[in-house]
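In: Below are the sequence and a predicted model; questions follow.
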Amino acid sequence: MNYELIEKVKEYVLSLLQSRISSNHVYHDVDHTRNVAETTEIIGRASNLSDEELEIVIIAAWFHDLGYVEKVEGHEEISAKFAEEFLLKENYPIEKIEKVKKCILATKVPQNPQNILEQIICDADLSHLGKKSFKHRNDLFREEFEFYFGRQLSEAEWLKKSIDFLNNHKFFTEFARREYDEQKSKNLEKLKEELRKLS
């Protein structure tokens, strides 16, 4: 695994995010990107990826939300473009660049990953759904969502949206299902309980 290249990628992405990301991106921020990259490595190692595969998916994880510095809708395509431009300058092999781009594009919701690499980055990107930090992350996502759609949602609206999202989501890798499914079910029950209290 080319640790030197991954370090370069990390520095490049973080410097762009820190200088250009809007302060309204309270969810899609530096912390989210760092967390997805770390979680991608954890799931990748647990899934017995080769060093080469791990390198591809970690690079994709660092780049996956960089497109937010330009726009929200279609940010995945912009992220893939950023990755391609950067990696070409680093003389990274074209066939590996294609895999990096496909991993980034796979994170588009609704997720539809086509192979283990894409499954890993998809699971890492939404791993907070199955963590105890879910409520905090979901509140940040709400704040960002409301800002971009220009209106506040009622508590019931947001709870219904969150419940739908968790109901329709599934983890793809064995590791993520083992590690996150149980907590995800608890998080879903809490949301339903909150909605019941409102009605």
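Out: Looks like it arrived, so ask away.
In: quick one: the residue nearest to the spatial centre of the chain and S19, what's the gap?
Out: Nearest to the mean C-alpha position of the chain, by Cα atoms, centre = their mean, lies D125 at 2.5 Å. Taking Cβ to Cβ, to the nearest Å as the measure, D125 falls 23 Å from S19. Backbone N, C-alpha and C define where each C-beta goes, glycine included.
In: got it, and V30?
Out: Distance of V30 to S19, computed by Cβ to Cβ: 11 Å.
In: Those two - which one has more neighbours?
Out: For V30 versus S19, neighbours defined as other Cβ atoms under 10 Å are more numerous around V30 (14 against 8).
In: Kindly provide the distance from the closest residue to the more buried one other than its chain neighbours to C103.
Out: Distance criterion Cβ to Cβ, 6 or more residues apart in numbering; nearest residue to V30, sequence neighbours excluded, is L17 at 5.1 Å. When distance is defined by Cβ to Cβ, L17 is 18 Å away from C103.
In: Looking at these two, which is more packed in?
Out: Taking neighbours as other Cβ under 10 Å, L17 and C103 compare with C103 leading, 29 against 22.
In: could you list every residue that touches L188?
Out: I163, L166, N167 (Cβ atoms under 8 Å, 6 or more residues apart in numbering).
In: Let me have the residues you listed in JSON lines, extended by secondary structure and neighbour count.
Out: As requested, the contacts of L188 are exported to JSON lines (DSSP: H, G, I helix; E, B strand; the rest coil; neighbours: other Cβ atoms under 10 Å):
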{"residue": "I163", "secondary structure": "helix", "neighbour count": "15"}
{"residue": "L166", "secondary structure": "helix", "neighbour count": "21"}
{"residue": "N167", "secondary structure": "helix", "neighbour count": "11"}
